[in-house]
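Asker: 3D model of this:
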Amino acid sequence: MGLFEVYSLSDLVPVEAKGSYIWDDKGVKYLDFYGGHAVISIGHSHPVYVDKIAGQLHKIGFYSNAVKNPLQEKLAEELCRTSGYEHYNLFLCNSGAEANENALKLASFMTGRDKILAFKAAFHGRTSAAVAITDNPNIQAPVNRCHKVDFIPLNDVSALEKALAGGEYAAVIVEGIQGVGGIRPVDDAFLLRMRECCDAAGTVMIVDEIQSGYGRSGKFFAHQYAGVYPDIVTMAKGMGNGFPIAGLLITERIEARNGMLGTTFGGSHLACSAALAVLEVLNSEYLVNNAAALGHYLVQELKKIKGVTEVRGKGLMIGVDTECPQAEVRGRLLKDFHTLTGYSGKNTLRLLPALTITRKEADEFLDAFRKVMMF
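Answerer: All right, here's what the predicted structure looks like:
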């Protein structure tokens, strides 16, 4: 008996973490520039976060959604105010894939339609409908393959207009910034035109901010650079700083009906406490502004480094294309400089540090990266 091994695992065994650093089981210290796949938004073991969760455990950790939970109402109020979505409603669940599943279901309920428009290189999760709208046949089992999903190129206005003109789609879903697809931002003009086309076609506009949301882009949501308001915004990763929680912000135009959606664990007392702690720290420490400022600094410095062919992204969601394979770069960073990074494709290094990083930590990463690229 053992684990069902579906991941290629590093030998690293983290046992302790604080801020932007992790220590392994041998006591070696690592700079974390990947944030557990963009999950760590306010840094590891932030004292406000730890106190909120520990305090809640002394009261009540969980009860079902068959009873009222005032923490859900408080989270909805704080989240809508912080994000600028005061006139939207919040539905809570557990993961990004689940958030996207529920968003698609709402769109289908609202429109009575059963087709979805998505984008090439998109990644939306590993549950049934989320896999169907993900442009990666390698993770689609036969049961997930769906003729009711069409993919068009990202930022192709002509393809978008042509697809939506027929009025056949329940929803169009787009990432605020494509993550797995190579850290590819959506053009502002493209999002604005999408809003117009969706309005004309009666199609629900969904923006997946699961990786790019919660301040990571230098705005609370990446699509806010365009000044556009989707019908549904999905979010997860940075929302709980490691505690599983996800949600949908839903326009008031979509009417809630009893039994339409449901969840056993979503929006538990502990999950809401974690999410409220994240919002408190994001606001009190001005972390969205920090993400914008340090992200800009990192991008400008990365562009100067020999061997870098392109740098993309916004805020602290950065993709770095290198002449040599990213696996080589990542391996050297980890082995020689004890620095954790991610990847998107063969030649793209993916940087997703906590929004709490300092200029000193940014320079520490840049120094390591420069030395690796000199090899």
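Asker: by contact count, what packs against the helix or strand that contains residue 293?
Answerer: Residue 293 is part of helix 287-302 when elements are defined by DSSP states H and E. Secondary-structure packing of helix 287-302 (3 or more Cβ pairs under 8 Å, 6 or more residues apart in numbering; DSSP states H and E): strand 308-314, strand 317-322, helix 359-374. Every C-beta, even on glycine, is put in place using the N, C-alpha and C of the backbone.
Asker: avg pLDDT for the last one?
Answerer: Average pLDDT, helix 359-374: 97.
Asker: Find the nearest non-adjacent residue to the spatially most central residue of the chain, please.
Answerer: Central residue of the chain (Cα atoms, centre = their mean): residue 211, 1.1 Å from the mean position. Leaving out its chain neighbours, the residue that sits closest to residue 211 by Cβ to Cβ, 6 or more residues apart in numbering is residue 179, at 4.3 Å.
Asker: Help me confirm that the one you found comes into contact with residue 122.
Answerer: No - counting by Cβ atoms under 8 Å, residue 179 stays clear of residue 122, with 9.6 Å between them.
Asker: Counting neighbours, what do you get for residue 175?
Answerer: Look at residue 175: counted by other Cβ atoms under 10 Å, it has 28 neighbours.
Asker: List the residues that contact the nearest residue to it once chain neighbours are set aside.
Answerer: Nearest residue to residue 175, sequence neighbours excluded (Cβ to Cβ, 6+ apart): residue 208, at 4.7 Å. Residues in contact with residue 208, defined by Cβ atoms under 8 Å, 6 or more residues apart in numbering, are 96, 100, 124, 173, 174, 175, 176, 234.
Asker: Tell me the most packed of the residues you listed, by neighbour count.
Answerer: Among the contacts of residue 208, residue 234 has the most neighbours (other Cβ under 10 Å), with 33 neighbours.
Asker: Am I right that that one sits in a strand?
Answerer: Yes - looking at residue 234 with DSSP: H, G, I helix; E, B strand; the rest coil, it is inside a strand.
Asker: Does it have any beta-bridge partners, and if so which?
Answerer: Going by DSSP bridges, residue 234 is paired in beta bridges with residue 208, residue 248.
Asker: For stretch 45-55, buried residues please.
Answerer: Buried residues in stretch 45-55, counted by 16 or more other Cβ atoms under 10 Å: 46, 49, 52, 53.
Asker: And stretch 349-367, by the same measure?
Answerer: Using 16+ other Cβ under 10 Å as the test for burial, stretch 349-367 gives 349-357, 361-362, 364-366.
Asker: end-to-end on stretch 164-182?
Answerer: 25 Å (Cα to Cα, to the nearest Å).
Asker: where along the stretch 101-250 of the chain do the helices fall?
Answerer: Counting by DSSP state H, counting those that start in this stretch, the segments of the stretch 101-250 of the chain that form helices are 128-132, 157-164, 188-201.
Asker: highest average neighbour count across those?
Answerer: Highest mean neighbour count among the helices of the stretch 101-250 of the chain (mean count of other Cβ atoms under 10 Å): helix 128-132, with a mean of 21.
Asker: how far out from the middle of the chain is that helix?
Answerer: Helix 128-132 has its C-alpha centroid displaced from the chain centroid by 17 Å (Cα atoms, centre = their mean, to the nearest Å).
Asker: quick one: contacts of it?
Answerer: With contacts defined as Cβ under 8 Å, 6+ apart, helix 128-132 is touched by 96-97, 100-101, 104-105, 116, 124-125, 139-141, 143-146, 148-149.
Asker: Including distance to residue 76, could the buried residues of stretch 349-367 go into a markdown table?
Answerer: Listed next are the buried residues of stretch 349-367 as a markdown table, based on distance: Cβ to Cβ, whole Å:
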| residue | distance to residue 76 |
| --- | --- |
| 349 | 37 |
| 350 | 31 |
| 351 | 32 |
| 352 | 26 |
| 353 | 28 |
| 354 | 25 |
| 355 | 22 |
| 356 | 25 |
| 357 | 29 |
| 361 | 33 |
| 362 | 34 |
| 364 | 38 |
| 365 | 36 |
| 366 | 39 |
